[in-house]
Structure formats: structure tokens, C-alpha cells
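**Q** Okay, here's the prediction I keep looking at, along with the sequence it came from:
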There are 2 protein chains.
Amino acid sequence: MERRLVIGLNIALTALVGDEPHVLCVKRPGGWGLPFGRFDPDEHRTFEVALRDFVERQTAVPLGYVEQLYTFGDKGREAPRASLVSGDESDRIVSVGYLALASEATATSLESAQWRPWYTFFPWEDRRTKGGPLPLIEDRLTAWAGDDEARQARFAFTFGSDDSPWAEERAIDRYELMYEAHAVAEAHRDRDGVDGPELFGEAMISDHRRILATAIGRLRGKMRYRPVVFQVIPDEFTLSDLQGGVEAILGFSIHKQNFRRGVESAHLVTKTEKTTQRTGGRPAAVYQVGPNAELKTAIGLPLPRLKP
Amino acid sequence: MERRLVIGLNIALTALVGDEPHVLCVKRPGGWGLPFGRFDPDEHRTFEVALRDFVERQTAVPLGYVEQLYTFGDKGREAPRASLVSGDESDRIVSVGYLALASEATATSLESAQWRPWYTFFPWEDRRTKGGPLPLIEDRLTAWAGDDEARQARFAFTFGSDDSPWAEERAIDRYELMYEAHAVAEAHRDRDGVDGPELFGEAMISDHRRILATAIGRLRGKMRYRPVVFQVIPDEFTLSDLQGGVEAILGFSIHKQNFRRGVESAHLVTKTEKTTQRTGGRPAAVYQVGPNAELKTAIGLPLPRLKP
DNA sequence: TTGCCATATACTCGCCGTGAGCAAAAGGCG
DNA sequence: CGCCTTTTGCTCACGGCGAGTATATGGCAA
């Protein structure tokens, strides 16, 4: 018999809550997943229309910036959730992943929908503070590599080492390495039977965690050459707010003075008359987006890494 | 009645022929198009398998580097070629575009397949030499903009001006602007009735020229942070060969000495004992790819633009 | 009231990447 | 032998950027 093709749309919608990036998740039988919907060729003229339609209907959260990530067509990936979407096990599901940004984590109308922090799914991606589970993970991966030089090189390259620095946008490579090392729950779920000692980060259904990793990497990469931060912060902000947002997404801390100099000299922000003392010490000037902060502008934020 | 979903795979396979980038085209009733095939969920495990399968079968050209570009799902775009793929007008076609690179423009087994130069489709993208159709095009677009300030700004930004430089990777934006200005044949074909004075570049069937523009832009952008050139040049080359390849893809000329300094200091190439006097003047050293030329390396080529 | 703390803001210094130009070397060819 | 072509080597200066130091301005507690 002929298998029908079904196109599913997955979306990684992220917003900032304080200094933590969050992603909109939906509770499913089997765990948390990204919001997704089936693309209906009769009803929807384009993917984006369908996407906005079902996200806003399901969760009542309006979508701002939207970008297509990747189309996943691998056989096998759909098995665990075929029944969730179509109810027909014989359908072949192809899914299109999207990244979307919201300037505010709006309350969802659906109780099964919830904003959850990025780094509960990817604890190793947050390097703003030392400590945390990172040493544990590195031990785990060192053990996985063992004497295999290819594995060692890949580990060093993907997670950073002396001669190859940590590349924040390589989130998907790190997740895939974790997967191959059986250090994430999905690896066990997909290839049944095998079991592993320690698992890191919270799992998601199907390959949604992979899609989220792709979204994180894409967003981080984009920050280098497009002023995307302004899509996830309010219209009025202090430079500390801005820097906090950047650091939250990138997952590492940056040098304050040079960051300030960079955004101001690039006319990415404009100072207003107002000040706020919400931040604690000396009152901070309130800024707005500047003339060069349009999305199409091919200007990146200055990202002076802090070394410690 | 229910419309069925069909997934088509389109590929922009490019290779260098001398100092001109070429793309593999297939002759169809209605004009030239990119090689494409229908994805069969029963037969193919992944998109890439399907892609390699049908390209190598149709044209006998082996695929090297492959990268997914974008998935196009707009209604209407498939109309002109629905009959070519499925024969059933009521199907809804979604197509996944791919970029692929070959190190050599291998002869095709199919007589309807042929390598054709990029810039016959996009004459305005080649700025290596002055002159050409560029002034004509600029006149055309200036006329299109007229007094509309938004159009003027968009034209200046997309095609470059005094304060916003020519951004080579913005090929798709330029094509879309040409489309809206009715300066390409596809605009007339899609919205029938309208006719325009002058048309630029050769047309392709369906939206294949849009896909090719996306591929060109993606490839050009990738050159800034990945050593992709080495996928389209032979194993042994002179630095002039390398520079010629870079310039061919980017569409502008670069500064020779600084380019050389860049690739050598970044260990992207290694010098061999051999020399060649194929180039004319003083014999040139023959180089091979260096240790940092792997695709995963996050190192870009130095691209010192030449100003004249 | 005074001293301390926290944050914001201002200014300086030096390295080095990169754009740009000059000059010499090593072939072919009339 | 002199001229042309292309390759190759070297220098110089500007500006971006990493890094450090110093000052301003609020809250708060002793």
C-alpha cells in the first residue's frame, strides 16, 4: 500500500524571562515537546500562515519574528509520534522546523502550554557561571572518547579546548555528540535496550530537542551579523538589560565597557532622557533601539568574550 | 476532494569551469530548470539519499558537498510545473531546495542536461569587471523606484550605494527586487497580462531561478566563515587558481597580496615542491589544501575587496 | 551624617588584523 | 638584450578590539 506524506510544522518559540531564555513547550503524553501542527494543503496557502494559525490558536501567544530552520525527512524519526499527529502509523511524516522570537513570554491560554528555560534541556550550553554540571559532562565525554583519537579530536573541537575555542553556535553538534555518547535520554529511547549511567538535561519527545538545539545555534550565529536581540527585549531598556539578553542567548559573559562602546558607536541604540534605578546602584540611562537596529542591517553586535 | 502532498527535491549543483561558476541545468519543455525529482517515501530513507539517487541516475554526475537550503511551500508556485512532476494538477507540491558542489564539471550522460554559467541567469551578480549590463539595470531600477522613498532606500540597500556597500551574499534580495520591478521574465509569466520593456538575465522554469539565487547567496555567505572553495577546485592548484575561484563565486575582485598572506598565515594551504608555468609569467608554486581547510573549521577566507 | 557598597559611565593604552602600496624575482618572447 | 607578465616578499599606517583604570551616582546601614 502507498504511504501518504504528512508535513508537520514544529516551532521553537523563544522569549526572555528575566535573564533566562525560555522556550514555549507543550505537554504531551510522553513528555514535553515543541508546539507542532499538521500542514493542511487545502487550508493553508503558505507554511508561515499555517504556523501562525495553529500556534496562536493553540496557545494564544502571538508570533513575532519567524525563520525557517530545517526540514527533517529522515525515516524513523517520526515513529514515536506518528500517532500523535495523524493517528495513522503508516504515514510518512516530514517536519519543518521553525525558530520564532517573542519580546515577552505572554501567558498562554492553554494550561498544557508552558514557558520553560532553555538550559534545563541543555545545561551544558550555559557557561555564564562556572561550576554546574559541566565538569561531570566533560568527564563523561572523556570516558566516551577513551583512546579513540577521532573521538578525542571531535570532543575537543565541539566542546572547545586549548587550541579550538568554545563556539557557542555549535549547539547542534554538541547535542549530537551527547546523543552518540548515550548521555541524553533520547539515545536510549530511540535504540531500545541500551542503558547508560548518567543522563544530562531534560528530554523532549521525538526529536524536538534536536530541533531546539538547531534553533539555539541558529539564533546565536545570527547575533554575530544581525541585530536580533532587539526582538526579545522590550522597547525601552538599559544597557545592562541589553547585555543580559545577549549573554542569556549566547550562554557566556561579555566585557561590559567594550560592549557598550560597540553598540553606541554602531548606532544600534539611542539614549533617551529617562533613567531608571531599578538596577540597584547608580541609576542607568534608558535606551531605545537605534537607527541601525533593523533586522536587515548586516551589522553584528560586538561580542567581547570574557576570558576567565 | 483531498489534495495529496508531493515533495519535490530541487538541486543547484555548481562547479567551476575555468573562471566561471556553472550550474547543472536540465532542458524542460518551457526552458531550462534545475534537476529535480520527486521524493518517494516508500523508496527513500532520507532526502539526501533520494537526491543523490536521482541526480546521479539522471545525469551521471556524482555529488560531493550537499547542503539543504530552504523548503518552499507557497501555494501557486507549483502551478507551472505540476504537470511535469506528477501529472496531477490537484496535487500540492512542496519543494526542498539543495545546494551541492562538485570539484569538476563532469560530462553528463544525459543530453538534456548541461552545465551553464551562473551569470547568464544573473548578469548583475558579476562585478569582477566594470561595464556589462549593470548601468542599464540600475537605470531600470531607478526608474522603478521613482519618487517612492521606500523603494529608493531598498534599492540602495540591496544593490549597494555610498553608505551601504554591495553585499555579495544578498543575491536573493536582488532577484526579488528585480522580480517586483518586473525586470525579469518570471514576473510576467506568473502574473499574466503585464508586460515590461527590458528583461535581464535568462529565465528558468517555475521558481528555479529563485532557488539558484538562494544557493548563490548561501554559498557566498558561507565563504566568510567556512573554507568551502576547496570543494570546487582541484586538489593541486596555484594561489591564482584559488583566488580565481573565490572571485568567480563572490563576483568581485580581491586584493592579491593580502589574500595570499591571509590563506598562508591561516594554514589553509600548504606549498608543495612543484611549480607550474601554466599561468604565463613567473612560474607559480603549486599548493595543496592545508590543515585548516576542513569544512568544519570555523575559519573564513580573507576577502580583501578591491575598491575601484 | 558618614562611610561603604553596587552599579553605571568615562577615558586610555597597546596589540594586531587588514587595507594599501612599493619593489624585486623569474619566467617567456620579440 | 630589453620588455612584458605574473609571482613573491616586505613595509606602513589606520582602526577595531581586548583589557585595565578611574570616576560618578544612587541606596543603605552603622
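**A** Happy to help now that I have it. Numbers count the residues shown, from 1 in each chain, chains lettered A, B, ... in the order given.
**Q** Would you point out the helix or strand in chain A whose mean pLDDT is lowest?
**A** Ranking every helix and strand in chain A by mean pLDDT, DSSP states H and E puts helix A:82-85 at the bottom, with a mean of 42.
**Q** What is the helix or strand following it packed up against?
**A** Downstream of helix A:82-85, the next assigned helix or strand under DSSP states H and E is strand A:92-101. Applying 3 or more C-beta pairs under 8 Å, 6 or more residues apart in numbering or on different chains; DSSP states H and E, one finds that strand A:92-101 makes contact with strand A:5-17, helix A:47-59, strand A:65-72, helix A:208-222. For glycine as for every other residue, the C-beta is placed from the backbone atoms N, C-alpha and C.
**Q** could you give me the average pLDDT of the following helix or strand past the last one?
**A** Meaning helix A:208-222. Of the helices and strands lying after helix A:208-222 in sequence (DSSP H and E), the nearest is strand A:237-238. Summarised as a single mean, pLDDT over strand A:237-238 is 94.
**Q** Then stretch A:123-132?
**A** The pLDDT scores in stretch A:123-132 average 82.
**Q** Contacts for that stretch, please.
**A** A:118-119, A:133-134, A:137, A:159, A:166, A:168, A:171, A:174, A:178, A:200-201, A:216, A:247-248, A:251-253, A:308 (C-beta atoms under 8 Å, 6 or more residues apart in numbering or on different chains).
**Q** Take it, keep the C-alpha atoms, and write them as PDB.
**A** Provided in PDB are the C-alpha atoms of stretch A:123-132 (Å, rounded to 0.1, in the frame of the first residue of the first chain):
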ATOM      1  CA  PRO A 123      22.600  22.600  30.900                       C
ATOM      2  CA  TRP A 124      26.000  22.400  29.100                       C
ATOM      3  CA  GLU A 125      25.100  25.300  26.900                       C
ATOM      4  CA  ASP A 126      25.100  27.900  29.800                       C
ATOM      5  CA  ARG A 127      28.700  29.000  30.500                       C
ATOM      6  CA  ARG A 128      27.900  32.200  32.100                       C
ATOM      7  CA  THR A 129      28.800  30.900  35.500                       C
ATOM      8  CA  LYS A 130      31.400  28.400  36.300                       C
ATOM      9  CA  GLY A 131      30.500  25.200  38.100                       C
ATOM     10  CA  GLY A 132      27.300  23.500  37.300                       C
END
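**Q** what's the distance between that stretch and the middle of its chain?
**A** Distance of stretch A:123-132 from the chain centroid (C-alpha atoms, centre = their mean, to the nearest Å) equals 15 Å.
**Q** do stretch A:94-107 as well
**A** 10 Å.
**Q** what residues are up against A:Tyr119?
**A** Contacts for A:Tyr119 (C-beta under 8 Å, 6+ apart) come out as A:20-21, A:125-126, A:251.
**Q** Which helix or strand contains it?
**A** Assigned by DSSP H and E, A:Tyr119 falls in helix A:118-121.
**Q** so after that helix, what's the next helix or strand?
**A** helix A:134-145.
**Q** can you list the residues of the stretch 1-150 of chain A near chain B?
**A** Within the stretch 1-150 of chain A, the positions near chain B by C-beta under 8 Å from any C-beta of the partner chain are A:2-7, A:39, A:41-42, A:44-47, A:68, A:70-71, A:73-76, A:92, A:94, A:96.
**Q** B:Arg224 versus whichever residue of the stretch 101-250 of chain A sits closest to DNA strand D, what's the distance?
**A** Here the stretch 101-250 of chain A gets closest to DNA strand D at one residue, A:Arg224, 10.2 Å apart by C-beta to the nearest atom of the strand. The gap separating A:Arg224 from B:Arg224 is 10 Å, by C-beta to C-beta, to the nearest Å.
**Q** How about A:Ala266?
**A** For A:Ala266, the distance to B:Arg224 - C-beta to C-beta - is 19 Å.
**Q** Check A:Leu177 too.
**A** For A:Leu177, the distance to B:Arg224 - C-beta to C-beta - is 25 Å.
**Q** more neighbours, the two?
**A** A:Leu177 (21 against 14; other C-beta atoms under 10 Å in any protein chain shown).
**Q** my read: that one touches A:Phe157, true?
**A** No. Using C-beta atoms under 8 Å, A:Leu177 is not in contact with A:Phe157, being 9.7 Å away.
**Q** mind checking the SS state of A:Ala248?
**A** helix (DSSP: H, G, I helix; E, B strand; the rest coil).
**Q** Repeat that for the one 4 residues further on.
**A** Three states are possible here, and by three-state DSSP the one that applies to A:Phe252 is coil.
**Q** looking at it, it is touching A:Glu169, isn't it?
**A** No. The criterion here is C-beta under 8 Å, and A:Phe252 misses it with A:Glu169 at 11.6 Å.
**Q** And the most centrally placed residue in chain A, what's its pLDDT?
**A** With distances taken as C-alpha atoms, centre = their mean, the residue of chain A nearest its centroid is A:Ile216 (2.9 Å). pLDDT for A:Ile216: 97.
**Q** same deal with the one 10 residues further on?
**A** Here, the pLDDT recorded for A:Arg226 equals 88.
**Q** Burial check on A:Ala213, number of neighbours?
**A** 25.
**Q** which residue sits closest to it, ignoring its sequence neighbours?
**A** Excluding the flanking residues, the one nearest A:Ala213 by C-beta to C-beta, 6 or more residues apart in numbering or on different chains is A:Tyr175, at 4.1 Å.
**Q** coming back round to it: going through the residues of the stretch 1-150 of chain A next to chain B, which ones are buried?
**A** Buried members of the residues of the stretch 1-150 of chain A next to chain B, counted by 16 or more other C-beta atoms under 10 Å in any protein chain shown: A:5-7, A:39, A:41, A:44, A:47, A:68, A:70-71, A:73, A:92, A:94, A:96.
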